[in-house]
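Asks: just need the structure, nothing else, for what follows:
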Amino acid sequence: MRVEILCGTVLRTVLAATTALVAPNMVCSVAAQPLSAVNLDVQADDGAAIERALAEAANHGDRSLVASVIENTRLTPWRSARLLDAARAQAPSLTTKLERASQAGLELARRTYVDRAEATDEPLPPGGDGWVPIEDVSEEDRNFGWRMIGADKADELGLTGAGVTVGIVDTGIDVRPDGMTHPEFEGRVDPRSYSDLFWVNKHLTLTRLPDGSFDPASVAAMFDQLAVNGSMDVDGHGTHVTGIIGAGHNGFGMVGVAPGANLLGIGAIATGGVVTTPDGEPIMINGEPLTFGALNYCGPQFLDGGRCDVREGMPSASATAIDYLATQADVRVANGSFGPFVAAGAVTSDISNDLQDGEAVRRFVEAGKIWVSAAGNEYGEAPVAASNPSGIGLLPFVSPDTADARNDNGDLIYEGGDENTDFSDLTPEALAAREADTGEALGRVVVVVAVDAAKQIASYSNRCGVTADWCLAAPGGDTYFDADNFRSLRGIFSTVPVDVAETQEIEPGAGYDIYQGTSMAAPHVAGALAILIEAYPHFAPGKLVDIMFQTAEDLGEAGVDVVYGQGLLRLDRALSGPIGIDPNSTDDYVTDIPFDHEWLFDFASAGGMVKAGDGTLAVGREAAVAFAGQTSVEDGTFQIDGYYQTAGTEVGANGTLGGTGLIASDVTVAGTLAPGNSPGTLTVAGNVTLTPTARTEIEVDGAGTGNGAGNYDRLVLLGNGSTFTADGILAPTLRGISAPATNAYTPPLGMPYSIVLASDGQVAGSFDGIEQPTAGLLTGSRFDVVYGSQSIALVATPSDYRDLAALGLSESEAARAIGGALQSLRPTAGVRPSDDVAALLDPVYLASADQLAAGLDASAGTIYVDAGQESLRSIGRFADTIGHHQRDGQFAKDGATADPFWSAVIGSSVDVDDAGEGYEAKTGGFVLGAEGELGSTFAGLESVWLGGALSYTRTDLDDDHGSADLDAYQAALYGSARLDAFVLRGSLGFGHVEADLVRSTLLSGKNASPDGNGGFAEVSLGLPLASEVGTFLPSVGVGYRGFRRGSVSEDGAFGLDLAAKTFEEGYVTAGLAWQQSYLLNGVTLKPTVSLAYRGDFLDIADSQSATLLGAGFESAGADIGANALLASAGAEIAFSDQLSAGLRYETEQRAHLSEHAVKFDFSLRW
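Replies: Numbering: from 1, shown residues only. From the prediction side, this is the model:
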């Protein structure tokens, strides 16, 4: 028989250490103590016990007292002040040495744990904080791991593990021969619980007789359970593990993870401790101390020279227990907080003593059950070997392919099997592949490492290493002093039998104690699995473990790592799923949870889903969920941040749909559509149809298209032909957005926010209106909607285009005019306009502040006013040229002596500027005229002359928003006569003006060719007055000039309709001219100067009526002044009586107008 014993006991050992021990992990080990030092094992406030312990140390001498202060300060630094005071009282003469000893102990504590202490402001959980007296901590918090893993969520959901049987292979469970159990397990200890070990009374000693044998009475008493009604669990470890799994939630003690679970405990792991004689001396057998574990495992026969025939040919007790649990149909999960002995300094794990258990676990897993195994506590003494778990948890890594695998130290990871040893079929990957091939629902192996109250890997805990794919972290506690943060951490508080010796903080006999170890971490996982089995009764074991892994809290390096594996167990997250769902049922799964709930893991259902209840149901960012049937959101919010597939999604009037994930279905919304999540983008692979009762809520926190601060909500449709149909109310929000939004963004004018995008589809329908934000918009602005064929954009626009002053923008009269037209065309904000109105309004909505200020002015059509005014002036130039020619003839008293032919070349420049309105024009052209005298008298008049003239001019006109080319063709008749001393002259002309106009708008340029006709009529009376210095000619006249442009109808957006328009000027002119003649070498020089005032009694029009898609407005141009100053200066050179030529400068100055002209005259008489 192969007896698995070492130091006189079995190798199987519980993987835990009580707070009384520094880091023991073996049944046969005894906590090492420094020479002559006495460790304190008392309550934190037991001053008398401290004094007694130090007095005992002082009895061994001064050195012993000093050493005791150092060691106990190192172990319990939070007691340093009390220890020092008590030591001073014992030996006042050693005060200086004792103070140094206290400082040394604190420094040792700091050095011991400095590599574990990470600076943090996060407080410790109450049950894990050594500064908080355990009696002041609530039932729920005494085991700090309960809240750390999120077991309070199960309590909130009413999940207790009821109906689930958890197997516990350990030192036993607190059950006594009279049927009494620990109060925390009342009514839930399964009657199938049993022990495969010999019961021993650890409170007794053995008496050795002189012949070396043992006193039969003491031996009998040692194994007499009935005599003392002893607990099955003589060690306490199994009961401690069981309490973590399933202690009741009953108002006292502590609460287990699954307080309603059925607990089936099997005693298969031997206890620890050394058997002594009544005088305290260890009993030696075969040169080794006799352990209670050896008696526990082999019974009384071990006293006969270490015999263990009772186990001859039998499998290990632990393998037998695992096999038994595999046969129990209701056991779906079992915990194994035990493992092999690992020697200090070991670099390789020896699996030879784990093979029987491994085979049993294989049968357990094949029966569809989940085995939870502690990783081991060897890191403190064998860190190389402990870079991976020991025992059962390591076995799935074992295969012929890994037989030569080595750790970072270059040593073999394991040894002890042969070339055929292979447990790789127990890896999650292999089990899942087998399930896929056979359809079986197989179990899983989960190995668990321990973290302390600060979520850091425990100092003693093995690491996940090569088992990371099936390894999880859970609270196992670690009692130490965190010097960097000056805090004390505590182990795990749980149940023990009342007759197990309690330590440190716990009152003796209370039935509770504080242990630490991966033994304490594993049952957190086993209890969590019991809850998950209750919550998801139809999920296969592999699915449950996948959920647990998928929802773990990432610790250490990002993702799965060699220290924490999948991360920290988070039951609350694992319960973020469809509680109670049957994935194979075609019925609707109804979620009616009155609080917020999130699905964090993948699952699929053959049925549909109904979201009921007021809370928020969310599909987590990493989750993929599929329902074969329809989804109905009746109440509350359904927030999809991951992937969600369903046959169709309907949002009722009281429901809300939102999130930043992807929905694979058509969506119909009668309630609220709220894409994004403070803010973000929701994607739909399908159609989205809003009904008239729908409300679309859009959060705008910036111009970005991502998720979170600085972005805005969007709905993106995928799929060819996908259609978004708008309806109901659109409700944008700029303030009061939940974190992480900045709530500080103010949309500028014209910035589009594409809230709906269907790149491969289309957009239809219309919102009924916009519920404008109560804050966040620019003063004087509002939100409007631009509907595209494949998108909908939200955009900030002026509240009133007739008044941009509130936005800090200046606006011309023309801009205000067209702004009024645009305002009259605007539909209710958010309502889709007609196509022709949209073509006009969309670019206006999308114009920036600068573009808007300029674009409205440009779009008003002032070029038509400018062109009309200048066309009228072209007619006037012809009239003035004839008038000047006639005036020059009035200087001769007797008139001309021959029929003349004359011509003039004209060049002029006009600048019109009226507060930003106006234009510049340059004109060039010529006039041809001929005239003759009708007779010296005619109709009672003397020296009557008649003439005719033709003219052509080309004017190039430019204003800020357009240009025009004006070609003027004109003809006129004119005449003059003398009436006594006066000269009477008159003229009558007709003209045709052809215009080519280009004007700019917010969109593009518009072209038009509005022709028009006009003419003039003038009459004046002058009196030539001769003097020695020349001839003066005062004159007065009256005239009329007119030009009528035809109607204009432009095409396209911003195309204006303008009725026919008449521009006219009626005026009176009074002036004075002077001329003198000089004969120079046979050439006559006639300089001429004139000055005149012209006053209009018919003002030149400065506006015209226009319509924009039927909306009328006045397009305003420059208001040209009614009073003009006319001046000219020039000279004529007469080469003979038949030939003369002249050059003249002319100017006209009015309010808002300035013109300068140069004319060259040529006359021929014969």
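Asks: use CA for all of it now, contacts and neighbours both
Replies: OK.
Asks: and the gap between the nearest residue to residue 274 once chain neighbours are set aside and residue 301?
Replies: Leaving out its chain neighbours, the residue that sits closest to residue 274 by CA to CA, 6 or more residues apart in numbering is residue 291, at 4.3 Å. According to CA to CA, to the nearest Å, residue 291 stands 13 Å off from residue 301.
Asks: likewise residue 1005?
Replies: 111 Å.
Asks: same deal with residue 480?
Replies: Using CA to CA, we find residue 480 at a distance of 41 Å from residue 301.
Asks: more crowded one of those two?
Replies: With neighbours defined as other CA atoms under 10 Å, residue 480 and residue 301 compare such that residue 480 has more, 26 against 14.
Asks: how about the more buried one: which residues does it bridge to?
Replies: residue 489 (DSSP bridges).
Asks: just the pLDDT for it.
Replies: Reported pLDDT at residue 480 in the predicted model: 74.
Asks: now do residue 7
Replies: 21.
Asks: same question, the one 10 residues further on
Replies: In the prediction, the pLDDT value recorded for residue 17 is 34.
Asks: in a helix, that's where residue 79 is, yeah?
Replies: Yes - remark: residue 79 belongs to a helix, assigned using DSSP: H, G, I helix; E, B strand; the rest coil.
Asks: my guess is it contacts residue 73. True?
Replies: Yes - the pair residue 79 / residue 73 is scored as a contact, 6.7 Å apart, by CA atoms under 8 Å.
Asks: the more surrounded of these two?
Replies: Legend: neighbour count by other CA under 10 Å for residue 79 and residue 73, higher for residue 73 (28 against 15).
Asks: thought that one was touching residue 102?
Replies: Yes - counting by CA under 8 Å, residue 73 touches residue 102, with 6.3 Å between them.
Asks: which residues do these two both contact?
Replies: Contact criterion CA atoms under 8 Å, 6 or more residues apart in numbering; residues shared by residue 73 and residue 102: residue 80.
Asks: report the distance from stretch 330-340 to the chain centre.
Replies: On the basis of CA atoms, centre = their mean, to the nearest Å, stretch 330-340 is displaced by 42 Å from the centre of the chain it belongs to.
Asks: so how far does that stretch reach from one end to the other?
Replies: Counting by CA to CA, you get 29 Å between the two ends of stretch 330-340.
Asks: what mean pLDDT does it get?
Replies: Summarised as a single mean, pLDDT over stretch 330-340 is 97.
Asks: how about that stretch: buried residues?
Replies: 331-340 (16 or more other CA atoms under 10 Å).
Asks: so what's residue 737 up against?
Replies: The contact partners of residue 737, by CA under 8 Å, 6+ apart, come to 678-679, 699, 743.
Asks: can you show me the strands along the stretch 1-150 of the chain?
Replies: Under the criterion DSSP state E, counting those that start in this stretch, the stretch 1-150 of the chain contains strands at 5-6, 9-10, 13-14, 17-18.
Asks: domain map for the chain?
Replies: Under the assignment automatic domain parsing, the domains of the chain span 134-193+236-268+315-542, 577-798, 861-1165.
Asks: so which of these is the most packed in?
Replies: Most buried of those, by mean neighbour count (mean count of other CA atoms under 10 Å): domain 134-193+236-268+315-542, with a mean of 23.
Asks: start to end distance for that one?
Replies: End residues of domain 134-193+236-268+315-542 are separated by 38 Å (CA to CA).
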